[in-house]
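Asker: could you look at this predicted model? Sequence included:
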Amino acid sequence: MDDVARAVGVSKGTVSKALNGRSDVAEETRNRILAAIEELGYRPTTMGWEPPRLRSLVAVVDVLESPYMINVLQGILAAATSAQANLIVRLAPDRAVRVTKAAARAWVAEQMDSGVVGIIGVTLAQPDAVLQAAQERGLPFVMVDPVDTQESRIVSIGSTNWAGGNKAAEHLLELGHRRIAWLGGPATSAAACERFHGYRAALDSVGIELDRTLVRRDWFSVETGLTHARELLVLPDPPTAIVAGDDEIAVGVLAAARELGVPVPERLSVVGFDDTPQALWSTPRLTSVHQPLRGMGRMAVETVLALSEGIQPASRHIQLATTLSVRDSTAIAPPKA
């Protein structure tokens, strides 16, 4: 070990940390140490020595097919790779596990037995029993965009959802729209609620009273947008604009508009949320609130690894900034008939 330290120009302690997979060694330094070990033919002489095991993280998801989920997972994978941590992606345990304390404890124990040092839940429904079981065992658990949770001690990663919903509605108001519908996610989603409150605040700021007939809440899906937009667009006084709670809902709205012969953006403006690749693939290209999904994934990894080393985050609720990407699905409000 002395020879390796001299060859690389670092301390013996740094060599030891690199061998043990410690995160407080720069990647470039670790690589030089490993190269020197190979060149010098160094082998630890301690009896029973084994190569250090990489830390493992588990990302738990309910579904994998949404563009939102894929982008968050890409960020998680990139950050885990940079941190030289193994990443295990698992579908969420059955509902019976998530709502039963004994079953949740057993599930958490299984993760720890497999060497997991932290769990990341991505929009994981009904997570409280699992969250509490992880807290009891001291296993860090970070949630991305929490859903269905009453657990106040949760560490969460998200975006500035209120500001995003507010900016989406403000953009439409600036274009002259006054009949602006909201088609959002479920009330159990903290992100969906924050986006709705931002939308409502924008209407309040110009003296527009909320019209409950223009507000719909459902799941984040294309089918939600298709079903509810069909109803909204055949009202006697239909909206001239719709703010969707995510891009999948917005794509459903665009499909319903095509089906009903409502041209976008000439008679209907549509704003999505997430700014996933769907926003560029849609016809017309979708105006959408951009949230840094990959950045959220990276932040989740950094946070859970810090927690695993006993480092507490400055805030238990971390939000990354949103911006508005204006494209072809929004235009000046049509003249009144």
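Answerer: That came through, no problem.
Asker: contacts only, for the closest residue to Gln278 other than its chain neighbours.
Answerer: Distance criterion CB to CB, 6 or more residues apart in numbering; nearest residue to Gln278, sequence neighbours excluded, is Asp247 at 4.7 Å. All C-beta spots, glycine's among them, are computed from the backbone N, C-alpha and C. By CB atoms under 8 Å, 6 or more residues apart in numbering, the contact set of Asp247 is 67-68, 272-276, 278-279, 286, 288.
Asker: where neighbours are concerned, which of those has the most?
Answerer: Across these, the neighbour count under other CB atoms under 10 Å reaches its highest value at Phe273, namely 33 neighbours.
Asker: bridging residues for it?
Answerer: Val289 (DSSP bridges).
Asker: the helices in this structure, which residues?
Answerer: Counting by DSSP state H, the chain has helices at residues 2-8, 12-19, 27-40, 67-82, 95-99, 101-113, 128-137, 161-174, 190-205, 222-232, 247-260, 278-281, 293-308.
Asker: please save the CA atoms from the fourth one in PDB.
Answerer: As requested, C-alpha coordinates have been extracted for helix 67-82 and formatted as PDB (Å, rounded to 0.1, in the frame of the first residue of the first chain):
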ATOM      1  CA  PRO A  67     -41.700   9.100 -20.800                       C
ATOM      2  CA  TYR A  68     -41.700  10.900 -17.400                       C
ATOM      3  CA  MET A  69     -40.500   7.700 -15.700                       C
ATOM      4  CA  ILE A  70     -37.900   6.900 -18.400                       C
ATOM      5  CA  ASN A  71     -36.300  10.400 -18.100                       C
ATOM      6  CA  VAL A  72     -36.200  10.300 -14.300                       C
ATOM      7  CA  LEU A  73     -34.700   6.800 -14.400                       C
ATOM      8  CA  GLN A  74     -32.100   7.900 -16.900                       C
ATOM      9  CA  GLY A  75     -31.000  10.600 -14.400                       C
ATOM     10  CA  ILE A  76     -30.900   8.000 -11.600                       C
ATOM     11  CA  LEU A  77     -28.800   5.600 -13.700                       C
ATOM     12  CA  ALA A  78     -26.400   8.300 -14.700                       C
ATOM     13  CA  ALA A  79     -25.800   9.500 -11.200                       C
ATOM     14  CA  ALA A  80     -25.500   6.000  -9.800                       C
ATOM     15  CA  THR A  81     -22.900   5.200 -12.500                       C
ATOM     16  CA  SER A  82     -20.900   8.300 -11.600                       C
END
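Asker: show me what that helix is packed against.
Answerer: If you count contacts as 3 or more CB pairs under 8 Å, 6 or more residues apart in numbering; DSSP states H and E, helix 67-82 packs onto strand 56-61, strand 86-91, strand 116-122, helix 247-260, strand 269-274, helix 293-308.
Asker: closest to Thr227 out of those?
Answerer: Among the helices and strands packed on helix 67-82, the nearest to Thr227 by CB to CB is helix 247-260 (7.5 Å).
Asker: and stretch 96-113, which residues are buried?
Answerer: Going by neighbour count (16 or more other CB atoms under 10 Å), the buried part of stretch 96-113 is 97-98, 100, 103-105, 107-108, 111.
Asker: including pLDDT and distance to Ser315, could the contacts of Asp247 go into TSV?
Answerer: Formatted as TSV, those follow (pLDDT from 0 to 100; distance: CB to CB, whole Å):
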residue	pLDDT	distance to Ser315
Pro67	91	28
Tyr68	93	23
Gly272	98	28
Phe273	97	23
Asp274	96	23
Asp275	96	24
Thr276	93	26
Gln278	89	31
Ala279	94	29
Leu286	98	31
Ser288	98	26
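Asker: ok, the residues you listed vs Ile208, which is closest?
Answerer: Using CB to CB, Phe273 comes nearest to Ile208 of the contacts of Asp247, at 20.2 Å.
Asker: no further queries at this time; thank you.
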